[in-house]
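Kindly generate the corresponding structure for this input.
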Amino acid sequence: MLRHLSIRDFVIVDQLELDFRAGFGTLTGETGAGKSILLDALSLALGGKAEAGVVRTGQARAEIVAEFDLPPDGVLRAWLDEQDLNHGEGAVLLRRVIESGGRSKAWLNGTPVVLAQMRAAGDLLADIHGQHAHHALLRTDAQLGLVDAHGGLTAQAAQVFGLYRAWSVLRRAREAAEEGASSTERERELLAWQVSELRELAFDADEWLGLNQEQTRLAHAASLLEGAAEVLDGLSDGEYAVVSHLERLLARVADMAQHDGQLTDVQELLSGASIQLDEALHAMRRYRDRLDLDPARLAEIDQRMQVITAMARKYRVPPQGLPDVLVDSASRLERLTRQSDPEALAREEAAARDVFMQAASLLSVERQRVAGALSVAVTEAMQSLAMGGSRFDISLRPAEEGCASGLETVEFLVTANASQPLRPLAKVASGGELSRIGLAIQVITSRNAATPTLIFDEVDVGIGGRVAEIVGRLLKQLGADRQVLCVTHLPQVAAQADWQWTISKETRDGQTLSRVQQMDEGERVEEIARMLGGVNITETTRSHAAEMLGLQP
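Coordinates of the predicted model:
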């Protein structure tokens with residue numbers, strides 16, 4: 001359940017710390033006092049969409065922190081383990097900060113998370129039913145989603161959707177192959193010729209580097225030989241050879257060092273230089289011996305480079321890019337070859353369809369079971385809401401070839417009179433009836449929900465009197481084994497609550513702020529009386545309020 005909610009600088013709330021209780025609780029107050037603002041803040045903590053306008057005027061950011069008990073069913077605990085998020089000490093702490101510019105950040109148990117993670121955790125902790133939620137019931141997609149959610153079929157429906165999408169992709173590929181067989185074949189032939197040509201070239205990027213190096217060396221072989229001879233002459237072969245001259249100097253310094261030890265360092269330096277010169281001499285001789293004038297090889301390399309360069313110009317890439325062209329062309333050829341075979345694609349499509357139909361058939365069986373039970377339960381709930389003789393039915397209509405949602409579409413049917421036939425909900429329900437039907441559906445589906453906290457935001461709009469009292473009793477029943485929070489303007493609903501808060505506005509330093517007060521028995525009498533009688537509260541009204549709260553003998 002929701003333990004604590006902390007709100008700072010959110011809309012007209014400057015700072016608010018709220019400790020929640022188990023059971024059924026109501027939030028009441030005059031219109032515009034900010035009752036729904038609290039639920040808006042909680043919605044953000046659960047991963048809802050944030051807007052810049054929610055930050056209180058003049059402040060840089062708004063902050064909402066919600067603390068929940070860790071549910072005992074283990075589903076959220078397993079999800080936290082999967083996401084590598086800390087469990088906390090038996091609690092789940094959700095924190096959301098919204099900047100004045102609209103950007104927001106989220107934390108779960110102190111760890112930064114993306115909004116999708118916060119929303120996933122929020123879905124397992126609380127379920128918010130908005131005051132206009134019943135209007136969504138007019139959409140067939142929402143109706144089917146509600147049936148699946150009530151029956152625990154959401155994951156199964158998502159699997160069927162994925163299988164249908166895979167089947168659709170293959171169906172479109174097969175149709176495209178059949179329609180564009182001739183143009184595809186021309187493209188395939190062109191690619192096959194290109195792949196053959198490039199493979200025959202047998203070229204890779206490393207070869208281009210080696211060819212350039214060898215071509216440069218052979219093209220300058222004569223000048224390189226001349227230079228090598230000149231270096232060797234200077235080192236050892238000429239009249240003033242450096243190696244021989246250095247050896248004489250080294251011998252002279254060695255004699256001198258025998259008489260003066262200070263020359264030992266000079267002797268060692270010259271000795272090292274002599275060794276390096278010998279190594280350079282041998283390396284240059286090896287280079288000269290390997291260096292050949294080979295016009296035939298040079299011509300061969302030039303010819304190879306011309307062929308490669310011409311091919312690169314043809315494909316409009318640098319020579320080093322030709323191997324990539326081959327890889328891309330071969331890949332496209334393989335794909336087109338596969339696509340250009342309608343029979344093979346038809347076999348793949350048929351296999352994908354069979355997998356979809358098998359999964360969708362299993363889903364249909366479950367939907368029929370859930371729809372039947374839900375229809376009966378909602379009918380009973382509607383009749384308890386002063387809709388005697390009414391009936392509710394969920395029609396699952398077969399989709400001939402299947403669709404993204406499975407093998408059927410759904411439509412909610414209703415009649416307010418036993419003598420009248422069932423008709424689509426969107427065509428027969430008045431505003432008040434739609435509110436009651438929507439409330440009946442929400443109450444019934446919430447009974448099966450594993451969510452530990454249920455929140456209703458003025459879902460009782462459009463009803464009153466005896467019906468409102470029944471609604472209050474239904475919500476109280478829901479609160480027997482979970483936490484139920486309800487924003488209401490009806491005294492009959494508020495009087496059924498286990499606890500009650502009132503929300504009011506006050507002006508402080510020229511700013512309008514929202515204030516929340518947890519009420520005791522006497523304060524609840526006054527608030528219920530206000531809700532019953534308006535501004536001028538009489539003793540009769542107070543007596544009626546106390547009677548509704550069960551405080552009078």
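
looking just at contacts, which helices and strands does the helix or strand containing Val327 meet?
Using DSSP states H and E, Val327 sits within helix 322-339. With contacts taken as 3 or more CB pairs under 8 Å, 6 or more residues apart in numbering; DSSP states H and E, helix 322-339 sits against helix 154-179, helix 181-201, helix 295-315, helix 342-384. Bear in mind the C-beta positions are built from the backbone N, C-alpha and C, glycine included.

again, only using 7 Å
When contacts are defined as 3 or more CB pairs under 7 Å, 6 or more residues apart in numbering; DSSP states H and E, helix 322-339 sits against helix 181-201, helix 295-315.

Extract the CA atoms of the first one and return them as CSV.
Right, the one you point to is helix 181-201. The C-alpha coordinates for helix 181-201 follow below in CSV (Å, rounded to 0.1, in the frame of the first residue of the first chain):
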residue,chain,number,x,y,z
ALA,A,181,8.9,-10.7,-60.0
SER,A,182,10.2,-9.2,-63.3
SER,A,183,11.9,-6.1,-61.9
THR,A,184,13.3,-8.1,-59.0
GLU,A,185,14.8,-10.6,-61.5
ARG,A,186,16.5,-7.8,-63.5
GLU,A,187,18.0,-6.4,-60.3
ARG,A,188,19.0,-9.9,-59.2
GLU,A,189,20.8,-10.5,-62.5
LEU,A,190,22.6,-7.2,-62.3
LEU,A,191,23.8,-8.0,-58.8
ALA,A,192,24.9,-11.5,-59.8
TRP,A,193,27.0,-10.0,-62.6
GLN,A,194,28.6,-7.5,-60.2
VAL,A,195,29.3,-10.1,-57.6
SER,A,196,30.9,-12.3,-60.2
GLU,A,197,33.0,-9.4,-61.5
LEU,A,198,34.2,-8.4,-58.1
ARG,A,199,35.0,-11.9,-57.0
GLU,A,200,37.0,-12.5,-60.2
LEU,A,201,39.0,-9.4,-59.4
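
how far does it sit from the chain's center?
41 Å (CA atoms, centre = their mean, to the nearest Å).

Which residues outside that helix are in contact with it?
Around helix 181-201, the neighbours that count as contacts under CB atoms under 7 Å, 6 or more residues apart in numbering are 177, 311, 322, 325-326, 329-330, 332-333, 336-337, 339-340.

Which of those residues are buried, as a PyMOL select command?
Remark: buried members of the contacts of helix 181-201, expressed as a PyMOL selection using 16 or more other CB atoms under 10 Å:
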select buried, resi 177+311+322+325+326+329+330+333+336+339+340
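
biggest separation within the contacts of helix 181-201, which pair?
Spatially, the most separated pair among those is Ala177 and Met311, at 31.5 Å (CB to CB).

Quick check: Leu363 touching Phe161?
No. Counting by CB atoms under 7 Å, Leu363 does not reach Phe161; the two are 10.1 Å apart.

still on that earlier bit, CSV for the helices and strands packed on helix 322-339, including mean pLDDT?
Shown next, in CSV, are the helices and strands packed on helix 322-339 (pLDDT from 0 to 100):
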stretch, mean pLDDT
helix 181-201, 82
helix 295-315, 82
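
Ok, which of those helices comes nearest Val355?
Going by CB to CB, the one of those nearest Val355 is helix 181-201, 26.7 Å.

which residues touch the longest strand anywhere in the chain?
Using DSSP state E to define each element, the chain has its longest strand at strand 391-403. With contacts defined as CB under 7 Å, 6+ apart, strand 391-403 is touched by 147, 164, 356-357, 360, 367-368, 371, 374-375, 378-379, 382, 407-415, 418, 422, 437.

give me the number of residues near Leu396?
Residues lying near Leu396 (other CB atoms under 10 Å) number 19.

Who does it form a beta bridge with?
Per DSSP bridges, the residues bridged to Leu396 are Val410.

so where do the strands sit in the stretch 401-550 of the chain?
406-415, 423-424, 453-457, 483-487, 499-508, 511-518 (DSSP state E, counting those that start in this stretch).

hey, least reliable of the ones you listed by pLDDT?
Looking at the strands of the stretch 401-550 of the chain, the lowest mean pLDDT belongs to strand 511-518 (a mean of 79).

quick one: that one to strand 499-508, angle?
Computed by axes from the mean of the first three to the mean of the last three CA atoms, to 10 degrees, the angle separating strand 511-518 from strand 499-508 equals 160 degrees.

list the buried ones in strand 511-518?
Neighbour-count burial for strand 511-518 flags Leu513, Ser514, Arg515, Val516 (criterion: 16+ other CB under 10 Å).

So the residue nearest to the spatial centre of the chain versus Ile7, what's the distance?
Residue closest to the mean C-alpha point of the chain, counted by CA atoms, centre = their mean, is Ala116 at 5.3 Å. Distance of Ala116 to Ile7, computed by CB to CB, to the nearest Å: 23 Å.

rewinding a little: redo the helices and strands packed on helix 322-339 as a markdown table? Include distance to Glu348.
Formatted as a markdown table, the helices and strands packed on helix 322-339 follow (distance: least, CB to CB, whole Å):
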| stretch | distance to Glu348 |
| --- | --- |
| helix 181-201 | 17 |
| helix 295-315 | 33 |
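
nearest to Ile537, of those?
Once those are compared by CB to CB, helix 181-201 is nearest, at 82.2 Å.

downstream neighbour of the closest one in the secondary structure list?
helix 205-219.

Quick one: distance of that next one to the chain centre.
Centre-to-centre, helix 205-219 and its host chain are 51 Å apart (CA atoms, centre = their mean).
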